[in-house]
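Peer 1: need a structure here:
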Amino acid sequence: MSPGDGPRVAVVTGAARAGSIGRAIAARLLRDGLQVVISDLGGPLDTHPDYESAGASDLRDARDALGALGDVHALPCDVRRAGDVQALVDGAVERFGRFDVLVNNAGLGVGLTPVVELDEADWRLNLDVMATGVFLCSRAAARQMIEQGDGGRIVTIASQAAKTGLPLLSAYCAAKFAALGFTQSLAHELGPHAITVNAVCPGTVDTPLLAVKGGVYERYSAMAGITEEQYRKRVLRTIPLGRMATPDDIAQAVGFLVSPAAGYITGEAINVTGGQEMH
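Peer 2: Residues are numbered from 1 along each chain as shown. Okay, the predicted model is just below:
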């Protein structure tokens with residue numbers, strides 16, 4: 001899957017937030033010599049005003065920070081909207097001349113609540129971003145890659161919650177389970193075009209989102225009747241390697257999957273968990 005004499009071009013969604021998996025993936029791909037387009041919502045999340053989404057300033061900051069590593073371009077995109085997604089693909093091609101790698105990283109964590117209390121809007125938002133968004137981005141990318149005719153790579157950031165149902169995460173799990181099924185189906189369809197399609201399934205990743213108000217630490221520690229620090233220590237005891245994943249750990253896996261070394265891997269969902277047991 002050679003793009004000719006120039007570098008390959010990658011698009012990473014959900015890459016604006018400082019300390020995030022998406023920004024780490026973009027950095028890894030830049031270090032590996034790819035030209036990278038980063039995208040994120042670029043404004044408030046209209047259907048969930050309480051969720052602190054990455055805004056235009058975050059996207060600019062990410063572009064400026066990553067610019068020291070290589071050739072990076074930033075474009076806003078709401079992955080729930082087909083028009084935005086097509087504009088992202090077209091913008092990448094206009095800027096760099098082609099499109100070789102898609103990393104479906106955009107995600108969010110809302111509706112961490114028992115099913116009997118789960119708001120329908122939160123359910124739909126999880127599915128819209130992390131299932132429909134993966135479909136829309138992958139479809140647009142696949143069309144461009146097929147037209148180019150020399151293969152490509154699609155990687156979706158799923159989760160251990162795509163393989164194991166977890167309390168308070170029914171909407172999130174449903175979206176991630178859907179993404180894995182889609183990955184397997186798409187791998188069959190795109191194999192004849194030399195396009196590989198895989199997923200990375202992180203365990204607990206130490207990002208700022210874990211500690212936000214209403215987030216994992218707050219909800220799960222309250223459910224267990226312990227402090228947030230006690231809950232964090234409890235999580236660490238479930239990980240044989242003795243630490244949480246970092247965004248760079250996830251980025252390393254993505255870097256491998258889009259490298260020549262992974263050319264014969266498709267339709268897989270690779271765990272990056274430190275051996276964590278999920279309950």
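Peer 1: Report how many residues lie close to residue 121.
Peer 2: A count of neighbours around residue 121, defined by other CB atoms under 10 Å, yields 12. For glycine as for every other residue, the C-beta is placed from the backbone atoms N, C-alpha and C.
Peer 1: Just confirm it is within a strand.
Peer 2: No: using DSSP: H, G, I helix; E, B strand; the rest coil, the assignment for residue 121 is helix, not a strand.
Peer 1: ok, which stretches of this structure are strands?
Peer 2: Ranges of strands in the chain, per DSSP state E, are 9-12, 35-40, 72-76, 101-104, 152-157, 195-202, 269-272.
Peer 1: Just the C-alpha atoms of stretch 231-249, please, in CSV.
Peer 2: These are the backbone C-alpha positions of stretch 231-249, laid out as CSV (Å, rounded to 0.1, in the frame of the first residue of the first chain):
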residue,chain,number,x,y,z
TYR,A,231,-11.2,3.3,43.8
ARG,A,232,-8.1,4.1,41.8
LYS,A,233,-6.1,1.8,44.0
ARG,A,234,-8.7,-0.9,43.5
VAL,A,235,-8.5,-0.6,39.8
LEU,A,236,-4.7,-0.9,39.9
ARG,A,237,-5.0,-4.2,41.7
THR,A,238,-6.9,-5.6,38.7
ILE,A,239,-4.0,-4.9,36.3
PRO,A,240,-1.1,-7.4,36.4
LEU,A,241,1.4,-4.9,35.0
GLY,A,242,0.6,-2.7,38.0
ARG,A,243,-0.2,0.6,36.2
MET,A,244,-3.0,2.1,34.1
ALA,A,245,-2.4,2.5,30.4
THR,A,246,-1.2,5.8,29.1
PRO,A,247,-2.4,7.4,25.9
ASP,A,248,1.1,6.6,24.4
ASP,A,249,0.4,2.8,25.1
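Peer 1: about what we covered before: turn the strands of the chain into CSV, including mean pLDDT.
Peer 2: As requested, the strands of the chain are arranged in CSV below (pLDDT from 0 to 100):
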stretch, mean pLDDT
strand 9-12, 98
strand 35-40, 97
strand 72-76, 96
strand 101-104, 98
strand 152-157, 98
strand 195-202, 98
strand 269-272, 97
